[in-house]
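Enquirer: I would like to see how this sequence folds:
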Amino acid sequence: MDPVYLPSSKKNAQIEGAIVVHQDEAWFRQTPTLHQTWARKNSQPHILSKGARNTQKIFGAVAPQTAKFIYQSTDKSFNYETYIEFLDNHLLPNFYQKSHRVYLIQDNASYHKKPETYNWFREHRKYVEVFNLPPYSPELNAEERLWHYTRMQATHNRYFDTKEKLREVLFSTFQRMQDYPESIQGLLRPFC
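Expert: This is a model prediction of the structure:
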């Protein structure tokens, strides 16, 4: 499962009638992030912070052709077990269609390359074909654009006094992306 030249996989997906899906994971911190904003000249804007280091760990996947987006939050570490759980419980049920395999595009996270993960892909080859992106190439992963969009819409320049508030804002942003896929189609157009 070496890195591939993506246009050929896209071409093969069209021939086979497969569904191309980009997958990634992200952390969203409770600690506020300051991003472009208006302020008086020579006056740095400030956002309240409790200094809490709570994070929300999210697996996500998107099919650029349809802008169908799924996610799973986890309190556990990102590892091969939580990744396989995401693939089993969310990715396959949401994207696999009878006679139409999933072409899964993923990055080079260490647990994506674990023997246990490769065994899972081998056992499920009838349903999913995996392609690793070249190292250090997040610009080739459509899911990265959704993480950026989420940060812009939900977390930048905002204070969250509890991790529950952060989760609430993240999940409502994800729900909007699921309910209104047209709102993210423009972000995914280069991957179609």
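
Enquirer: Can you show me the strands along this protein?
Expert: Under the criterion DSSP state E, the chain carries strands at the ranges 19-29, 55-63, 68-74, 102-106, 128-132.

Enquirer: Just list what the third one packs against, helices and strands only.
Expert: Under the contact definition 3 or more C-beta pairs under 8 Å, 6 or more residues apart in numbering; DSSP states H and E, strand 68-74 sits against strand 55-63, helix 80-86, helix 92-95, helix 163-179. Where C-beta positions appear, they are placed from N, C-alpha and C, glycine not excepted.

Enquirer: which residues of the chain score low on pLDDT?
Expert: Scanning the chain with the threshold set as pLDDT under 70 gives 1-9, 32-40, 43-53.

Enquirer: make it 90
Expert: Across the chain, the ranges flagged by pLDDT under 90 are 1-18, 29-55, 98-99, 155-163, 192.

Enquirer: Of the strands of the chain, which is nearest A154?
Expert: strand 19-29 (7.9 Å; C-beta to C-beta).

Enquirer: buried sites along the closest one?
Expert: Neighbour-count burial for strand 19-29 flags 19-26, 28 (criterion: 16 or more other C-beta atoms under 10 Å).

Enquirer: just curious, which of these is nearest to R176?
Expert: Closest to R176, out of all of the buried residues of strand 19-29 and judged by C-beta to C-beta, is F28, at 15.6 Å.

Enquirer: T155 versus that closest one, what's the distance?
Expert: 6 Å (C-beta to C-beta, to the nearest Å).

Enquirer: ditto for F174
Expert: 12 Å.

Enquirer: okay, the helices and strands packed on strand 68-74, which one's buried deepest?
Expert: Of the helices and strands packed on strand 68-74, the one with the most neighbours on average (mean count of other C-beta atoms under 10 Å) is strand 55-63, at a mean of 22.

Enquirer: picking that back up, overlap in contacts of F28 and T155?
Expert: 166, 170 (C-beta atoms under 8 Å, 6 or more residues apart in numbering).

Enquirer: Quick one: residues contacting the residue nearest the centre of the chain.
Expert: Nearest residue to the geometric centre of the chain (C-alpha atoms, centre = their mean): G60, 3.3 Å. Residues counted as contacts of G60 (C-beta under 8 Å, 6+ apart) are 23-26, 69-72, 143, 146-147.

Enquirer: of all those, which comes closest to Y111?
Expert: Looking across the contacts of G60 and measuring by C-beta to C-beta, the closest to Y111 is E25, at 9.6 Å.

Enquirer: so the closest one bridges to which residues?
Expert: F59 (DSSP bridges).

Enquirer: ok, now which ones touch it?
Expert: Counted by C-beta under 8 Å, 6+ apart, E25 has contacts 57-60, 78, 83, 109.
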